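Novice: just to be clear, the model below is a prediction. Sequence and coordinates:
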Amino acid sequence: MIHVSGLTVAYGANTALQDVSFDVEPGECLVVTGLSGCGKSTLARVLAGIIPNTQPARVEGSVQVAGMDVLHNSPALTAQSVGIVFQNPRTHLFHLRVDDEIAFGPRNLGLSPEKVAERVQWALDAVGLAALRAQRPANLSGGQIQRVAIAAALAMRPAVLVLDEPTASLDVPGTQNVISALSKLQRQTGLTIVIIEHRLAEVRRIADKVLVLDAGRLAAYGNFDEKLGNQALLHTYGLRRPTVEALTDWSGLLIPEEPQPAGQPPLLQLTDVTAGYDGQAVIRGVNLNIYPGEFSALVGDNGAGKSTLALVAAGLLKPVSGKVRLAGTARPRPGLDIALLFQNPADQLFTDSVAEEVAFGPRNYRLFDAAVHHQTLENADLLHLSARRPFSLSIGQQQRTALAACIALRPRLVILDEPTLGQDWRHLTQLMECLERLNRQGAAILLITHDYKLVHHFARRVILIEAGRIVLDGKISPVSKGKVRRANQIMPDSNFRRRLVSRFAKPAGV
């Protein structure tokens, strides 16, 4: 189904892929992984025929996908057999309704209205979005937008589907629905799948092969369990161990526990806060205190209100009612008192180089210190990229640049909205360790994530939000930690692995 031989891709003087060769048989699932910036997204665009046909690049080698030479085929013809979902799904969407977005591809195939409606309903059900079919995509959460983009690709019924980090912004139900839908498609239609991913536990259920890239070169290729059971390989290339994680609701993993601020007054207070957009409330009656020196996580399903709460807390969205106070009296100064890393890093990058981006805030407030600037770039592994334009970087590198710019001012509270997008485990751990250093120096951290592993490793307090209201404030249950720890200690064979995943996971309902 996919045959790649001697593939080399270069953008000007920068070589993204160097002499890459591999094969994927019909109905197989290939997982592509590696450090941020190693060429994964470039490979995805080549497989879909975007490079070099619509995105200029110098390409050598041979790429056959679904019986087509995608390097020289018409993009319109390739799109009928090869679907792709980009790392930033917002770049896909332009319709005013979810169902129209999903129907766009089938309509362009000239299908009858009945067939189009059938495909739209099937794709909505597959990703668990049937209830949102009449919504505006622009009003959805990041995770919901990701599922809309996946549904739009599925509705084309492609022979090959290429997904660039499909689980990065998904909650547990969304992840279960998407992975189960892909598994069902494999069984029923023989769909061939290529998944670009850092979170290997989520895709392990359907993975057959793995391809590891290192600085654009093929570092490892073969059976998924066999290759990723090699601890030396995982360590060398900064990969997560593809353990079996407990896929369950957060409410089943947490126990209530009052914060213990040791007599300190709150750093940030939200009192009876209601906020939203276009007259529609997203969060309602939120009461929340964040204390100096806390390392907290805000968790909940897609669309629960996490990003809206973050915007309010950072002083970037005015509440409809209620009060937001810093240290009891003042309104927070965005960027200086409270820094927010957006879910999409491109929304906060605007200068001509990485170094300028990280220096902009301190220079604007006349707080620039060359030694601190150098240390911030080093902590984010950006020194070698300091002269690069931010929009020439990979999504993961852009994310690290935006975070470095956020923490350059040493704010009193740092809020991170889904920082895992595009990040390999090595760089993610490096960034989190940098945040831990800030935390030890007195800064509070609020991490918004669906990632169990990050929460287990770093958060001392976990806040659960459901349907715009905080429903639980506490910590990870020792029992649930033990389940995940025991699961992490084994590397089961395929049959046992599926039994263990099904035991931990709720039915996907697909």
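Specialist: Happy to help now that I have it. Numbers count the residues shown, from 1 in each chain.

Novice: ranges for the helices of the stretch 201-350 of the chain?
Specialist: Remark: helices assigned in the stretch 201-350 of the chain by DSSP state H, counting those that start in this stretch are 224-228, 231-236, 306-313.

Novice: of these, which stretch is the most buried?
Specialist: helix 306-313 (a mean of 25; mean count of other CB atoms under 10 Å). Glycine gets a C-beta too; all of them are placed from N, C-alpha and C.

Novice: pull the residues that contact that one.
Specialist: 141-142, 268, 270, 273, 275-277, 282-283, 286, 288, 290, 298-300, 317-319, 324, 332, 338, 340, 343, 413, 415, 417, 446, 448, 465, 468 (CB atoms under 8 Å, 6 or more residues apart in numbering).

Novice: kindly report the same for stretch 249-269.
Specialist: 172, 246, 288-294, 299-300, 313, 323-328, 332, 338, 412-413, 444, 452, 461-462, 464, 471-477, 480, 506.

Novice: flag every buried residue along it.
Specialist: 249-250, 253-254, 259, 266-269 (16 or more other CB atoms under 10 Å).

Novice: what's the longest helix in this structure?
Specialist: helix 172-189 (DSSP state H).

Novice: distance check, the nearest residue to residue 300 once chain neighbours are set aside against residue 296.
Specialist: Counting by CB to CB, 6 or more residues apart in numbering, the nearest residue to residue 300 once its immediate chain neighbours are dropped is residue 465, at 4.1 Å. In this structure, residue 465 and residue 296 are 12 Å apart, going by CB to CB, to the nearest Å.

Novice: do residue 132 as well
Specialist: Taken as CB to CB, the span from residue 132 to residue 296 is 29 Å.

Novice: what do you get for residue 470?
Specialist: 12 Å.

Novice: show me which of these two is the more surrounded one.
Specialist: Ranked by neighbour count (other CB atoms under 10 Å), residue 470 and residue 296 place residue 296 first, with 25 against 21.

Novice: wait, that one touches residue 464, no?
Specialist: No: taking contacts as CB atoms under 8 Å, residue 296 lies outside contact range of residue 464: 11.4 Å.

Novice: please enumerate the shared neighbours of these two.
Specialist: Counting by CB under 8 Å, 6+ apart, nothing touches both residue 296 and residue 464.

Novice: related to what we said a few turns ago, tell me the buried residues in the longest helix of the chain?
Specialist: 172-183, 185-186.

Novice: can you name every helix or strand that that helix contacts?
Specialist: helix 113-127, helix 142-154, helix 200-203 (3 or more CB pairs under 8 Å, 6 or more residues apart in numbering; DSSP states H and E).

Novice: which other helices and strands does the longest one contact?
Specialist: For helix 113-127, the helices and strands in contact under the criterion 3+ CB pairs under 8 Å, 6+ apart are helix 98-108, helix 142-154, helix 172-189.

Novice: between residue 470 and residue 296, which contacts overlap?
Specialist: Joint contacts of residue 470 and residue 296 (CB under 8 Å, 6+ apart) are residue 463.

Novice: quick one: low-confidence ranges for the stretch 201-350 of the chain?
Specialist: The model of the stretch 201-350 of the chain has pLDDT under 70 over residues 243-248, 260-262.

Novice: for it, which segments count as strands?
Specialist: In the stretch 201-350 of the chain, the strands defined using DSSP state E, counting those that start in this stretch lie at 209-214, 217-223, 254-256, 268-277, 280-290, 295-299, 321-326, 338-341.

Novice: buried set for the first one?
Specialist: Read it as strand 209-214. Buried residues in strand 209-214, defined by neighbour count with 16+ other CB under 10 Å: 209-213.

Novice: same thing with the fifth one?
Specialist: Within strand 280-290, the residues that qualify as buried by neighbour count (16+ other CB under 10 Å) are 281-284, 286, 288, 290.

Novice: would TSV of these with distance to residue 226 be doable?
Specialist: Converted to TSV, these look like this (distance: CB to CB, whole Å):
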residue	distance to residue 226
281	51
282	46
283	46
284	50
286	48
288	47
290	45
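
Novice: need the max-distance pair from those residues.
Specialist: Farthest apart among the buried residues of strand 280-290 by CB to CB are 281 and 290. That separation is 21.6 Å.

Novice: outline the domain layout of the chain.
Specialist: 30-48+74-236, 251-477 (automatic domain parsing).

Novice: most neighbours per residue, which of those?
Specialist: domain 30-48+74-236 (a mean of 20).

Novice: in contact with residue 111, which residues?
Specialist: residue 119.
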